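In: What would the 3D arrangement of this be:
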Amino acid sequence: MTDDFYWRHARDSLLTPSALRMFQLVSARDGQVFDEVKNDIDTSYMTAVGKEDNRHGGKIQTQIQVFREAGWVQLQSDADGKGVIKLTPAGKQALLLLQNVPDFLKSAPYFIVELLARYQLKNPARPEVTKNKEYEEKLKNSTVFPYWTLLRVMHALDDRITATELRRFVFKIHKHEDIDSTIARIIEFRKLVSQGATPEELDDKFGAELEGAVGEPKYLMGRLGTQVGSIPALVEKDGPTTWTLNRYYLPFIERLLANEPIHKDYLDEQTWMRDYGRPVELDVDETASSEDNGSEEPLEDDLPDDDPLLVTVRDLIESGTAGVLLSGPPGTSKTWYARKIAAKLVMGDPVCAKFIQFHPSMAYDDFVEGYVPISHDGGTSFEVRPKIFLRLCEAAEKYPEKTFVIVIDEINRGDLSRIFGELMTYLEPAYRKKRFHLAYSGRKAMVPKNVVLIGTFNPYDKSVVELDDALDRRFDRIALDPSVSTLTSHLTKAGVPGEFVGKLAAFFLGLQKQSRHGIGHALFFDARDDQSLSRLWNRKLRFILEKAFRFETDAFAQAKANYLSLYVSPESAGLQ
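Out: Coordinates of the predicted model:
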C-alpha cells in the first residue's frame, strides 16, 4: 500500500437500465469504427430515453470505458490505427443473457462478478490519454486486481467495509502481495477507533484518506454489488457509509477467492481482451449453496441425543410430518438448531444435507428446476436443469436407506406457492412417492419419504407476508422463545464471571417484559465486558430496540439506561 497511489476506474454505472440500453446500442455497431459512430449512438440513446446528455464528448465517450472495464467491449485498432468496436465473447454472452431478461437478472451477479474478479488495474484497455503521467509511472509496477481484492478484504473483515477504510487503506493498495498487511492495518485501525482515537491520531498513524473523486466508493462498490431489479445485491449498503457481503452469495464468493488471480503483462488490448473477455462458465447452478458436494461447510454432528428439541423433531418425523418449522423472534437460535438437527438426522453426512435461504425474488426455477445459460463452442444457450430441491429428491430416491434434509432459512420471506409450485401437494405424507410431471421439463419426479424439510421463520417480522396457509397446514410448528436459562448456561460455560452473568440475566428478563415479542438470547452470547457490550449495542442491539420501540421513546430510553448499568465504567461506554 502507498499513500501516493490510488485505483483509477471508470466512473459510470454498468447495471442500470440506461447503461444496459446503451450497451445494446453499442452492440448493434459491432465491427464499426467507434469515432465514426459515437455521435450516432448518442443520438439513438437520446431518442430512446427522450432527453439530451450534455456532457463533454457525449455519453458513450465515457460509458464505453465501463464496457471495456467489464470485459464486454474492446476497441480494436484497424490498419489505420482507428478503434473498431468489437464485442468480446463475454460481451456476446452478456447480450444473449440481456435479451432473455429473467435469466439475465438471475445470472447477473455471478456473471458480472466472475468477470470483474479477473480485472487487473494495469491493463492496455485504459484510455490512451492520461492527465497524470506520474500515476502512469506508478501503475507500471502495480499488480492489484481491484474487485477480487475488495471481496478478499471484506470477507477477511467480518464481511464488511466502511467508506473510511476504503479511502484510507483499500483504494491505495498497489500490489497483490500488499493485501494481507492491509487487512492487518484495518484490524488495528478498527481497534483504535473503538478505543476513541481522534482523527488526527489516526491520520498520523495510518495516513490521510483519499479525497475527491479518486476516493469515491460508489462506482466500484456499485459494480461489485451488481443489483438488478429485485434480485438480491451481492454487496449491500448497511447505512450510508458501510457495505456488507450478502451471505446468500458467500459460497460463490469463497469459490472466487479460492482461485487467486495471477498478474500478467499484456502487450496490447487485443491480447488482454482475449484473456479477460472470455465467456463465463454458467452451466453450474450458483444459486444452490452447496451443489452436489453436500453442505457449504462440514457438518458438526454434536447435538446430544437427548436434546429436547431433537427428540421432538424425531417424534414428528416418525409420525409422518411433511416438515418442521422452527418459529421465534431473532436471536433464539432457530438457524443454529436447524443446522444441528439436520446434521444429527443425516448422521453428519454432508452429502445428505442442503441449506438455502428464501428471499422475495426466489421462484420455482430457483428451487425446483429452471433454465440456465450454458457456454459451448457454438456460443451460449439455455437448458432446463434441476435445482437444489429436485437434486435432493433424486438423491433420496437413489438411497432410500438414508435420511436427506433440506434446511430453509427465513422460509416466510419467499412466495411459497410460487417457489414450490405443484410440489406443495406432494409434500404431504399421503402423496409422498407419487410421481408427477414437472412444470418446465415435463419429466416425472417425486418427493421421497426420506426427505425432511426444516424451515425457520420469524412470525413477528411485518416486512413479509403471513406464512402460506397451504404450507402452514402441512408443517408442524415448534416455538423457540427467548430463554434466560439458555443465556446464563452459555455464559457460565464460557467462563464469564457470575456477577456479570447475573446482571445481564436481570437486564434480559426486564427486556422481555418491555418488548412485545421478545428479544433473543443468542444476541447476548458474546457479552463479556464493557468493550463487548459496546460492540453489541452499537452494531446490533440498538437497531433492534429502535425498531421494537419505534413508537415508545420512553421505553427505548429506559432500556438504554438499564443497559448502561451493566458496565463497569458507564462513562466510557460510547453508546450511539
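In: State the helix or strand in which the residue of the chain positioned farthest from its centre lies.
Out: Distance from the C-alpha centroid of the chain peaks at residue 80, with 45.9 Å (CA atoms, centre = their mean). Counting by DSSP states H and E, no helix or strand carries residue 80.
In: could we number from 637 for the rest of this?
Out: Sure, I'll start counting at 637 from here, so that last one is residue 716.
In: Could you check how far it is from residue 782?
Out: Distance of residue 716 to residue 782, computed by CB to CB, to the nearest Å: 33 Å. For glycine as for every other residue, the C-beta is placed from the backbone atoms N, C-alpha and C.
In: burial measure for residue 1145, as a count.
Out: Neighbours of residue 1145 under the rule other CB atoms under 10 Å: 12.
In: likewise residue 936?
Out: 11.
In: Let me see the contact set for it.
Out: 976, 979, 984 (CB atoms under 8 Å, 6 or more residues apart in numbering).
In: make it 10 Å
Out: By CB atoms under 10 Å, 6 or more residues apart in numbering, the contact set of residue 936 is 975, 976, 979, 980, 984.
In: distance of the third one from residue 759?
Out: Going back to what we said before, that points to residue 979. Separation of residue 979 from residue 759 (CB to CB): 46 Å.
In: ditto for the first one
Out: Going from residue 975 to residue 759 by CB to CB gives 43 Å.
In: what does the last one give?
Out: With distances taken as CB to CB, residue 984 is found 47 Å from residue 759.
In: So between those two, which is more surrounded?
Out: Legend: neighbour count by other CB under 10 Å for residue 984 and residue 759, higher for residue 759 (18 against 14).
In: so who does the more buried one touch?
Out: Applying CB under 10 Å, 6+ apart to residue 759 gives the contacts 704, 705, 775, 900, 901, 902, 905, 908, 909, 911, 912.
In: mind listing which of those residues are in helices?
Out: Among those, the ones falling in helices (DSSP state H) are 704, 705, 775, 905, 908, 909, 911, 912.
In: Chain neighbours aside, what residue packs nearest to the fifth one?
Out: Okay, so that is residue 908. residue 902 (4.0 Å; CB to CB, 6 or more residues apart in numbering).
In: Likewise for the last one?
Out: When the adjacent residues along the chain are set aside, residue 912 lies closest to residue 707, with 4.8 Å between them (CB to CB, 6+ apart).
In: Just to check, that neighbour is in contact with residue 722?
Out: No: taking contacts as CB atoms under 10 Å, residue 707 lies outside contact range of residue 722: 12.0 Å.
In: Can you work out which residues contact both of those two?
Out: 909, 913.
In: So which of the two has more stuff around it?
Out: When residue 707 and residue 722 are compared for neighbours, residue 707 comes out ahead with 26 against 18, by other CB under 10 Å.
In: and which of the contacts of residue 936 is nearest to residue 1124?
Out: Compare each of the contacts of residue 936 with residue 1124 using CB to CB and the shortest gap goes to residue 976, at 20.2 Å.
In: ok but the closest one is inside a helix, no?
Out: Yes: using DSSP: H, G, I helix; E, B strand; the rest coil, the assignment for residue 976 is a helix.
In: picking up where we left off before, are any of the contacts of residue 936 buried, and which?
Out: 975, 976, 979, 980 (16 or more other CB atoms under 10 Å).
In: burial measure for the closest residue to the first one other than its chain neighbours, as a count.
Out: With CB to CB, 6+ apart as the criterion, residue 975 has its nearest non-adjacent residue at 6.2 Å, and that residue is residue 1043. By the criterion of other CB under 10 Å, residue 1043 has 25 neighbours.
In: Quick check: residue 1043 is in a strand.
Out: Yes: with three-state DSSP as the criterion, residue 1043 is part of a strand.
In: which residues of the chain score low on pLDDT?
Out: 637-639, 684-694, 735-743, 763-767, 863-867, 917-934, 1008-1018, 1097-1108, 1212 (pLDDT under 70).
In: what about residue 834, distance to residue 894?
Out: 40 Å.
In: what's the closest non-adjacent residue to residue 1209?
Out: Nearest one to residue 1209, counting by CB to CB, 6+ apart, is residue 1203 at 5.3 Å.
In: same question, residue 956
Out: Using CB to CB, 6+ apart, the closest residue to residue 956 is residue 1065 (4.2 Å).
In: Would you indicate which residues of the strand or helix carrying residue 893 are buried?
Out: Element membership of residue 893, judged by DSSP H and E, is helix 886-894. Buried residues in helix 886-894, counted by 16+ other CB under 10 Å: 886, 887, 888, 889, 892.
In: Just the closest of those residues to residue 667, please.
Out: Distances from residue 667 to these, taken by CB to CB, are shortest for residue 892, at 32.6 Å.
In: wait, that closest one sits on residue 783?
Out: Yes: the criterion here is CB under 10 Å, and residue 892 meets it with residue 783 at 9.4 Å.
In: I'd like to know how far the residue farthest from the centre of the chain sits from residue 668.
Out: 14 Å.
In: before we move on, what about residue 715?
Out: Taking CB to CB, one finds residue 715 at 15 Å from residue 668.
In: So between the two, which is more surrounded?
Out: The neighbour comparison of residue 715 against residue 668 (other CB under 10 Å) goes to residue 668, with 16 against 5.
In: where along the stretch 987-1136 of the chain do the helices fall?
Out: Remark: helices assigned in the stretch 987-1136 of the chain by DSSP state H, counting those that start in this stretch are 1000-1003, 1024-1034, 1052-1056, 1059-1062, 1105-1110, 1120-1129, 1134-1150.
In: for the stretch 687-836 of the chain, what spans make up the helices?
Out: Ranges of helices in the stretch 687-836 of the chain, per DSSP H, counting those that start in this stretch, are 695-705, 725-735, 737-752, 769-775, 782-792, 799-804, 815-830, 835-842.
In: Which neighbouring elements make contact with the first one?
Out: Applying 3 or more CB pairs under 10 Å, 6 or more residues apart in numbering; DSSP states H and E, one finds that helix 695-705 makes contact with helix 653-663, helix 670-685, strand 709-713, strand 719-723, helix 725-735, helix 854-861, helix 905-912.
In: Run the angle between the first one and helix 695-705 for me.
Out: Right, the one you point to is helix 653-663. 90 degrees (axes from the mean of the first three to the mean of the last three CA atoms, to 10 degrees).
In: Which residue lies nearest the spatial centre of the chain?
Out: residue 882 (2.2 Å).
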